[in-house]
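Engineer: Below is the sequence, then the predicted model.
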Amino acid sequence: MSTKETFLQRMNRHLAPTMAKDFPNLPVVGEEGGYYLGLDGKKYLDFTSGIAVTNVGHRHPKVVEAIKAAADRLLHGPMGVIVYESALKLAEELTRILPDGLDCFFFGNSGAEAVEGAIKLAKHATGRPCIVSFTGGFHGRSLGALSVSTSKSRYRNHLHAVSGVYPIPYAAPRECPPGQSVAEWCVAELERNFSRLFRHQVSPEEVACVILEPVLGEGGYVVPPRQWLVRLREICDRHDILLVFDEVQTGFGRTGEWFAAQTFGVTPDIMAIAKGIASGLPLSATAASRELMQKWTPGAHATTFGGNPIACEAALATIRVIEEENLLSNCRQMGAYAREKLEQLRKRHRRIGDVRTVGLMIGIEIVDPKTGDPDGETLMRILRRCADYGVLFYLCGNQGEVIRMIPPLTVTRDQIDEGLDVFERVLRELDSPGHPAP
Ligand SMILES: Cc1ncc(COP(=O)(O)O)c(C=O)c1O
């Protein structure tokens, strides 16, 4: 009989430690709606959405039905050797839900692949060698995507793969000096950073693209002012530099619109999409205009598995479910509800620092109540204890100091209450002298 211990022993024996050591390593036998079903027979409220993947909930019946029906017809492409309806239909549907102008797609399997595609496309289309990225950004673990990722230096140890990447600071609303407008200060900093970069390190004519997450994800859930993204678009236009949004995490409804590009009203030239696109099946897309894609000559990029027919059907079902169940609207409403509750919690608990939200992308900073410094150690104690009580949160931030709360877009008020009640219970336990520390 499998127990938690035998699961973990087998995992430690056969899975690479770099794959298997994460939080919470919960042995699971199933998943349903907003919950994981644990090997221990307990239901776990999942506020991680499998790290922003199961936006329509785990194993949504309509997605499962579409997958089963697709498996009865066609299991494998490869696109190019054959052509099939689901990939074409998905391209048409993505064109409909994306901002105008993004109407041509390269399908891959993962977020990192979508980013690799974006970088290669930008370099091909412009003939320029360099890239500007943002400190704290995370874009994946393959060597190209890693080269533009600076959320944690340990991800880059021994690698430092692609040269010609210039990271500059991301918007830092919290660092705005008192009395100044946050948006104006962030925009002025952006201009200063680009001006310094172009004067000292790389000429704009050498830069193929600027790549960023429109909301910083792994780096700590930092929400930039809209004007900062607007100005970034202008700077790119000024120098004929392509703007790439990595919407791997922000996409598919997470910020309350289909994509953060729509939430902020800023359209990139290239977009990387993955995670929530197919509700758990491996699928990604690099999106751009047809005009731009035509500069990526045939054979310059290809894939065996990308745009798998079953994954494409899962994506089509995911789009239908988001529309039929008004999940973008639910995301905005439940996001606002959770934010309000967290603001109340913050008044009662000094361990909660900043609360940063957009839609159901919610970051809760944990700080030392005496110094106000980020406190990743306590955060881990909180997450473990919440998991013991049946609620799963994840983490982010350079020092692991931000709780990532990313419930499915189907989440209800009751579920938010359930999750945040457990969170508060754990905060209380931490501060009650008689209680064993979690
Ligand atoms: C913004 C962003 N880009 C890219 C990736 C990489 O995606 P994948 O793990 O599917 O390669 C991630 C994964 O967390 C991400 O959050």
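Structural biologist: Here it is on my side, so go on. Numbering: from 1, shown residues only.

Engineer: Which helix or strand contains the residue positioned nearest the centre of the chain?
Structural biologist: Taking Cα atoms, centre = their mean, the centroid of the chain lies closest to residue 249, which sits 1.9 Å from it. Secondary structure from DSSP states H and E places residue 249 outside every helix and strand.

Engineer: mind checking pLDDT for it?
Structural biologist: Reported pLDDT at residue 249 in the predicted model: 98.

Engineer: same question, residue 432
Structural biologist: What the model reports as pLDDT for residue 432 is 87.

Engineer: Could you tell me which residues make contact with it?
Structural biologist: Applying Cβ atoms under 8 Å, 6 or more residues apart in numbering, one finds that residue 432 lies in contact with no residue. Bear in mind the C-beta positions are built from the backbone N, C-alpha and C, glycine included.

Engineer: what about it, distance to residue 8?
Structural biologist: Using Cβ to Cβ, to the nearest Å, one obtains 31 Å as the distance from residue 432 to residue 8.

Engineer: again, but for residue 303
Structural biologist: When residue 303 is compared with residue 8 (using Cβ to Cβ), they lie 34 Å apart.

Engineer: more crowded one of those two?
Structural biologist: residue 303 (18 against 13; other Cβ atoms under 10 Å).

Engineer: Phi first, then psi, for the nearest residue to the more buried one once chain neighbours are set aside.
Structural biologist: Ranked by Cβ to Cβ, 6 or more residues apart in numbering and with sequence neighbours excluded, the top spatial neighbour of residue 303 is residue 108, at 5.7 Å. Phi and psi for residue 108, reported as degrees, to the nearest 10, are phi -130, psi -150.

Engineer: correct me, but residue 108 touches residue 308?
Structural biologist: No: with the criterion set as Cβ atoms under 8 Å, residue 108 and residue 308 do not qualify as a contacting pair; they are 10.0 Å apart.

Engineer: what residues are up against the residue nearest to residue 303?
Structural biologist: With contacts defined as Cβ under 8 Å, 6+ apart, the neighbours of residue 108 are 114, 116, 117, 274, 283, 284, 285, 286, 303, 306, 307.

Engineer: which element is the first one on?
Structural biologist: When you say that, I think you mean residue 114. Remark: residue 114 resides in helix 111-126, with elements defined by DSSP H and E.

Engineer: For that helix, what is the distance to the chain centroid?
Structural biologist: With Cα atoms, centre = their mean, to the nearest Å as the basis, helix 111-126 stands 18 Å off its chain's centre.

Engineer: How about the residue nearest to the centre of the chain: what's its closest non-neighbour residue?
Structural biologist: For residue 249, the closest residue by Cβ to Cβ, 6+ apart turns out to be residue 217, at 4.2 Å.

Engineer: contacting residues around the one you found?
Structural biologist: 52, 138, 249, 250, 361, 396.

Engineer: please redo it, this time with the cut-off set to 10 Å
Structural biologist: 51-52, 136-139, 151, 246, 248-250, 254, 275, 361, 363, 396, 404, 406 (Cβ atoms under 10 Å, 6 or more residues apart in numbering).

Engineer: which residues does the nearest residue to residue 288 once chain neighbours are set aside form a beta bridge with?
Structural biologist: If you skip the residues right next to it in sequence, residue 288 has residue 270 as its closest partner in space, 4.6 Å away by Cβ to Cβ, 6+ apart. When assigned by DSSP bridges, residue 270 has beta-bridge partners residue 244, residue 288.

Engineer: what's the neighbour count on residue 270?
Structural biologist: 26.

Engineer: so how far is the ligand from it?
Structural biologist: The spacing between residue 270 and the ligand, counted by Cβ to the nearest ligand atom, to the nearest Å, is 13 Å.

Engineer: Also residue 279?
Structural biologist: Between residue 279 and the ligand the distance is 14 Å, computed by Cβ to the nearest ligand atom.

Engineer: mind listing what the residue of the stretch 301-438 of the chain at minimum distance from the ligand touches?
Structural biologist: The minimum distance from the stretch 301-438 of the chain to the ligand, using Cβ to the nearest ligand atom, falls at residue 396 (9.1 Å). Under the criterion of Cβ under 10 Å, 6+ apart, the neighbours of residue 396 are 51, 138, 151, 216-222, 249, 363, 402-404, 406.

Engineer: Type out the ChimeraX command that picks the buried ones from the residues you listed.
Structural biologist: The following ChimeraX selection, which keeps only the buried ones among the contacts of residue 396, applies the criterion 16 or more other Cβ atoms under 10 Å:
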select :138,151,216,217,218,219,220,221,222,249,363,402,403,404,406
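
Engineer: ok, and which of the contacts of residue 396 reach the ligand?
Structural biologist: Restricting the contacts of residue 396 to those near the ligand by Cβ under 6 Å from any ligand atom leaves 51, 138, 217, 218, 249.

Engineer: Next to the ligand in this structure, residues from the chain, please.
Structural biologist: Taking Cβ under 6 Å from any ligand atom as the criterion, the neighbours of the ligand within the chain are 51, 110-112, 115, 138-140, 213, 217-218, 246, 248-249, 274.

Engineer: low pLDDT regions in this protein?
Structural biologist: When residues are selected by pLDDT under 70, those of the chain lie in 1, 434-438.

Engineer: And the residue of it closest to the ligand?
Structural biologist: Closest contact between the chain and the ligand, by Cβ to the nearest ligand atom, is at residue 111 (2.2 Å).

Engineer: ok, that residue - how many residues close by?
Structural biologist: Around residue 111 there are 28 other residues, counting by other Cβ under 10 Å.

Engineer: Check residue 337 too.
Structural biologist: Other residues near residue 337 come to 16 when the count uses other Cβ under 10 Å.

Engineer: Just the element for it, please.
Structural biologist: Of the helices and strands defined by DSSP H and E, residue 337 is found in helix 327-348.

Engineer: Tell me the helices and strands packed up against that helix.
Structural biologist: Other elements packing on helix 327-348 under the criterion 3 or more Cβ pairs under 10 Å, 6 or more residues apart in numbering; DSSP states H and E are helix 260-264, helix 309-324, strand 352-358, strand 361-366, strand 402-405, helix 413-431.

Engineer: Taking strand 361-366 as reference, get the angle to the longest one.
Structural biologist: So the one you mean is helix 413-431. For helix 413-431 and strand 361-366, the angle between their directions (axes from the mean of the first three to the mean of the last three Cα atoms, to 10 degrees) works out to 10 degrees.

Engineer: who's in contact with residue 225?
Structural biologist: By Cβ under 10 Å, 6+ apart, the contact list for residue 225 reads 171, 173, 176, 181, 182, 183, 184, 185, 186, 187, 231, 264.

Engineer: Quick check: nearest residue in space to it, chain neighbours excluded?
Structural biologist: The shortest distance from residue 225 to any residue that is not its chain neighbour, by Cβ to Cβ, 6+ apart, is 3.8 Å, and that residue is residue 183.
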